[in-house]
Structure formats: structure tokens, C-alpha cells
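Enquirer: Coordinates only, no sequence provided:
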């Protein structure tokens, strides 16, 4: 039993996450691959930031200071908020949490 064109399009749309044409499905697939690559880069940069933060914390503690500098964290929060709006603050908080206390 063969599928009608509408059934074929519906099947292709479901496979492409709702895209109605093969062209749209191809564009969506390519864009998702790009997002996955960007996510991998972002994760790598956060891991690099975590390592640099650990060096700073170790140096601060070794010199008799505190592990966390709240004034600096407020600067980071403001920077992200200014660049990305209110959601930027939440993103920065998550990043700061990832970077704290790893030593």
C-alpha cells in the first residue's frame, strides 16, 4: 500500500519536528546541527572559565583572602544583565555557581 502525497508530507513533517517540506526539514536539521556545535563550544568555554576561576580562588585563599569576591560577582551579574536582559542574570548566576568552590 503506497502513501499519498499528503501522508508522505505529514510523515516527513513529523520526522523534521513539524517542518512541512523537505526544504524546511533540511534547513531545520542544519540549524540544529549548528546549535549543537555552538552548545559544545559554550560548554567548553564554561569549563575553561571554571578552570581559570579555580586558579583565582586558589591564589586568593593562599594569600589569606576569601574564596569568593562578592563585588566581582556583582560586576559579572551586571555585565550579563546589561548584555542579555533579565535572563542574563539567571544565566550568570548559574555560571557563577558552577565556578564556585571547586577547589
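Expert: Looks like it arrived, so ask away. Computed from a predicted structure; not experimentally measured. Numbering: from 1, shown residues only.

Enquirer: So which other helices or strands are in contact with the longest helix belonging to the chain?
Expert: In the chain, with assignment by DSSP state H, the single longest helix is helix 22-62. When contacts are defined as 3 or more CB pairs under 8 Å, 6 or more residues apart in numbering; DSSP states H and E, helix 22-62 packs onto helix 5-15, helix 86-99. Glycine gets a C-beta too; all of them are placed from N, C-alpha and C.

Enquirer: Leaving out chain neighbours, which residue sits closest to residue 91?
Expert: Closest residue in space to residue 91, ignoring its immediate chain neighbours: residue 80 at 5.9 Å, by CB to CB, 6 or more residues apart in numbering.

Enquirer: To clarify, my last question referred to residue 79.
Expert: Residue nearest to residue 79 in three dimensions, not counting chain neighbours: residue 92, with 7.4 Å by CB to CB, 6+ apart.

Enquirer: Correct me if wrong: that neighbour contacts residue 77.
Expert: Yes: applying CB atoms under 8 Å, one finds residue 92 in contact with residue 77, separated by 4.9 Å.

Enquirer: what ranges of the protein fall below the confidence cut-off?
Expert: In the predicted model, the chain carries pLDDT under 70 at residues 1-17, 101-103.
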